[in-house]
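# coords below, sequence missing:
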């Protein structure tokens, strides 16, 4: 916990910048999503990994917002959005551009799905609304999904990031004396309203329920709420905390194993992985980091968590493009063998590692951007502008790819 926040329990739980347990959760979440998209047997509910990411994001982002309470609100917002641009845009734009180029190389005019339109919406963080309007879903058997379908979750998070920091800092400013109570009441209201809407609409409009930010907002708000809770009493031993964390992990795994594409989701069922994730975040005190023996075995998993964002971005095109290519050349079967699937996952992970090492980290650690935040706006314009330009270029000269 940072010293700036340690004076009051109401300032939140676990405000340290790097937590091993969060990286382990991220690793678990991304592996579940990849298993689901790779059609690994018994992981028909692996899509709940996205819900785990949402809770983690709400938790982490809120801790970031309250890390330096002495800064004025405008500077906090500027710092926040600068970090988000540096963290998210370069890798996402690289994947989108690569997807367009590689897809045209393999499929050319035979490609019938409006990829370019999807990429444009993805680059502007509005792909989820585009899918709702078009009724698109990747749960339909026999219908090849868009190669950027997974960007819907990134759109939901960005929509949350646009509004929540402003509201959060405004509440802190307006309710200086009782700001924690005001924030807790606000978050509880959001959780109740959004969860109710999710439950209500999941049975009547599955596409809107799945992609809408209004049905997912409560998951991010749940993570944010955890930061306002007092720490678990010190009377809870390390073993008790680890047992609670294990229960949470078990809840996440059971959700992935028992749910299927036919489950009514998110609705009531989304509470299972989200509550389980919340339990892990509350219970953990990073006790594993004190054990060098444990860290020896956990380090590879922690690394998966470190590159989980890039892994999530890269995996879908690696898994889905070969299937669509097989369909265009009329192969007798479009079912990939386990060996081929393993090679595809390995290729996606290699791309993630390279992207993280040579694109994400240099930009995130750039001293020039840190000192001149206006460069972040140029970075935003360059990433979005280049992605859009590529789509219009291929639309004009790419034949059937439009």
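Looks like it came in fine. A quick note: this is a predicted structure, and the numbers were derived from the prediction, not measured. Residues are numbered from 1 along each chain as shown.
# any idea which helix or strand carries the nearest residue to residue 124 once chain neighbours are set aside?
Once flanking residues are discounted, residue 124 sits nearest to residue 384: 6.9 Å by Cβ to Cβ, 6 or more residues apart in numbering. All C-beta atoms are positioned from the backbone trio N, CA, C, and that covers glycine. Using DSSP states H and E, residue 384 sits in helix 374-397.
# okay, and for this structure, where does confidence drop off?
Applying pLDDT under 70 to the chain flags residues 1-18, 69-70, 109-113, 137-143, 177, 232-236, 285-294, 330-335, 398-402.
# Tell me which residue lies nearest the centroid of it.
A centroid search over the chain (Cα atoms, centre = their mean) returns residue 53, at 4.7 Å, as the residue closest to the centre.
# Can you tell me the element the residue nearest to it when sequence neighbours are not counted falls in?
The shortest distance from residue 53 to any non-neighbouring residue, by Cβ to Cβ, 6+ apart, is to residue 29 (5.2 Å). Residue 29 is part of helix 20-37 when elements are defined by DSSP H and E.
# Show me what that helix is packed up against.
helix 49-65, helix 238-258, helix 271-283, helix 292-306, helix 308-328 (3 or more Cβ pairs under 8 Å, 6 or more residues apart in numbering; DSSP states H and E).
# for those, which one sits closest to residue 217?
Of all the helices and strands packed on helix 20-37, helix 49-65 sits nearest to residue 217, with 9.0 Å by Cβ to Cβ.
# What residues sit buried inside the helix or strand hosting residue 89?
Using DSSP H and E, residue 89 falls within helix 73-107. By neighbour count with 16 or more other Cβ atoms under 10 Å, helix 73-107 contains the buried residues 76-77, 79-86, 88-100, 103-104, 107.
# what's the answer for stretch 34-53, then?
Applying 16+ other Cβ under 10 Å to stretch 34-53 flags 34-38, 40, 43-53 as buried.
# Can you give the distance of stretch 342-350 from its chain's centre?
Relative to its chain's centre, stretch 342-350 lies at 20 Å (Cα atoms, centre = their mean, to the nearest Å).
# Please disregard the earlier target; I meant stretch 47-62.
Relative to the mean C-alpha coordinate of its chain, stretch 47-62 is positioned 6 Å out (Cα atoms, centre = their mean).
# again, but for stretch 221-228
The answer for stretch 221-228 is 16 Å, by Cα atoms, centre = their mean.
# now stretch 84-94
Its chain's C-alpha centre lies 13 Å from the corresponding centre of stretch 84-94 when counted by Cα atoms, centre = their mean.
# Next, the residues that contact it from outside, please.
122-123, 151, 154, 158, 161, 309-310, 313, 355-356, 359-360, 363-364, 366, 369, 376-377, 379-380, 383-384, 386-387 (Cβ atoms under 8 Å, 6 or more residues apart in numbering).
# Tell me the buried residues within the residues you listed.
Buried residues within those, counting neighbours by 16+ other Cβ under 10 Å: 122-123, 151, 154, 158, 161, 309-310, 313, 355-356, 360, 363, 369, 376, 379-380, 383-384, 387.
# Following the helix or strand residue 156 falls within in sequence, what is the next regular element?
For residue 156, the host element (DSSP H and E) is helix 151-174. Using DSSP H and E, the helix or strand that follows helix 151-174 in sequence is helix 179-202.
# What residues sit buried inside that following helix?
179-180, 183-184, 186-187, 190-191, 194-195, 197-199, 201-202.
# Just the element for residue 225, please.
helix 213-226.
# Likewise for residue 355?
Going by DSSP H and E, residue 355 is in helix 338-355.
# do the same with residue 146
Using DSSP H and E, no helix or strand contains residue 146.
# and if you look at residue 71?
Residue 71 belongs to no helix or strand, assigned by DSSP H and E.
# I'd assumed residue 79 was in contact with it.
Yes. Counting by Cβ atoms under 8 Å, residue 71 touches residue 79, with 7.4 Å between them.
# Check the burial of the residue nearest to residue 53 by counting its neighbours.
27 (other Cβ atoms under 10 Å).
# wait, doesn't it sit right on residue 46?
No. If you go by Cβ under 8 Å, residue 29 and residue 46 don't touch, sitting 9.4 Å apart.
# on that earlier part again, please enumerate residues in contact with the helix holding residue 156?
50, 53-54, 57-58, 61-62, 65-66, 69, 73, 76-77, 80-81, 84, 88, 92, 96, 121-122, 125-129, 131, 179, 182-183, 186, 211, 213, 216-217, 220, 224, 313.
# Please report the distance of the nearest residue to residue 82 once chain neighbours are set aside from residue 161.
For residue 82, ignoring the flanking residues on the chain, the nearest one in space by Cβ to Cβ, 6+ apart is residue 376 at 4.3 Å. Per Cβ to Cβ, to the nearest Å, residue 376 is found 14 Å from residue 161.
# repeat for residue 31
25 Å.
# again, but for residue 198
Residue 198 is 20 Å from residue 161, by Cβ to Cβ.
# Then residue 366?
21 Å.
# can you check residue 295 too?
Taking Cβ to Cβ, one finds residue 295 at 32 Å from residue 161.
# do the same with residue 305
From residue 305 across to residue 161, the span is 20 Å (Cβ to Cβ).
# again, but for residue 226
The spacing between residue 226 and residue 161, counted by Cβ to Cβ, is 18 Å.
# With residue 152 instead?
From residue 152 to residue 161 the distance is 15 Å (Cβ to Cβ).
# Residue 178 now?
Distance from residue 178 to residue 161, counting by Cβ to Cβ: 26 Å.
# Residue 395 now?
Counting by Cβ to Cβ, the gap from residue 395 to residue 161 is 29 Å.
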